[in-house]
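Peer 1: here is the input, now give the coordinates:
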Amino acid sequence: MNFLSIVLIFLGGGAGSVLRYGIGRGAQHFVQWNFPLATFIANVVSCTVMALVLYYFKEKPAFETVFKTFVLIGFCGGLSTFSTFSYETFLLLKQGEKGMAFLNVGLSVLMCLSVFYFFMKEAR
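Peer 2: Numbering: from 1, shown residues only. Predicted coordinates:
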């Protein structure tokens, strides 16, 4: 790993983390029920960004190293929230909200896999 890669990951991760924070603040105004909407949105957006980058830049290897390092490792790494997703699901289970916990897991996995399927099926 070189210095440029470290800087790109740092900057991308910071941007993704700031967006994640903004999504969390914005989602507070829309959620009236016990569902982790901010984490769901952040993970779906992160998967969408990743799928778009992988799809649109699949044939541009010279450009992809710098851009993919910034976006896929940095930005998507800072934006996606698997640990938060896991913790919020655990809390739902602990609170007896089994239906919401399973909805969170099922909907998150379904939506994120669907995003990759939608963009990557065209890449064949």
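Peer 1: how deep is residue 25 tucked in, by neighbour count?
Peer 2: 10 (other Cβ atoms under 10 Å). Just so you know, the C-beta spots here come from the backbone N, C-alpha and C atoms, and that holds for glycine as well.
Peer 1: report the distance from the one helix or strand it maps to to the chain centre.
Peer 2: For residue 25, the host element (DSSP states H and E) is helix 3-27. Mean-position distance between helix 3-27 and its chain equals 11 Å (Cα atoms, centre = their mean, to the nearest Å).
Peer 1: which neighbouring elements make contact with that helix?
Peer 2: helix 37-56, helix 76-79 (3 or more Cβ pairs under 8 Å, 6 or more residues apart in numbering; DSSP states H and E).
Peer 1: what angle sits between whichever helix or strand comes after the shortest one and helix 3-27?
Peer 2: Toward the C-terminal end, the helix or strand that comes next after helix 76-79 (DSSP H and E) is helix 82-94. Angle between the axes of helix 82-94 and helix 3-27 is 30 degrees (criterion: axes from the mean of the first three to the mean of the last three Cα atoms, to 10 degrees).
Peer 1: elements contacting helix 82-94?
Peer 2: helix 37-56, helix 98-120.
Peer 1: where does the protein dip in pLDDT?
Peer 2: 61-64, 122-124 (pLDDT under 70).
Peer 1: on that earlier part again, got the contact list for the helix holding residue 25?
Peer 2: The contact list for helix 3-27 (Cβ atoms under 8 Å, 6 or more residues apart in numbering) reads 37-38, 41-42, 45-46, 66, 69-71, 73-81.
Peer 1: one step back: any chance of the helices and strands packed on helix 82-94 in TSV, plus distance to residue 16 and mean neighbour count?
Peer 2: Formatted as TSV, the helices and strands packed on helix 82-94 follow (distance: least, Cβ to Cβ, whole Å; neighbours: other Cβ atoms under 10 Å):
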stretch	distance to residue 16	mean neighbour count
helix 37-56	7	19
helix 98-120	16	15
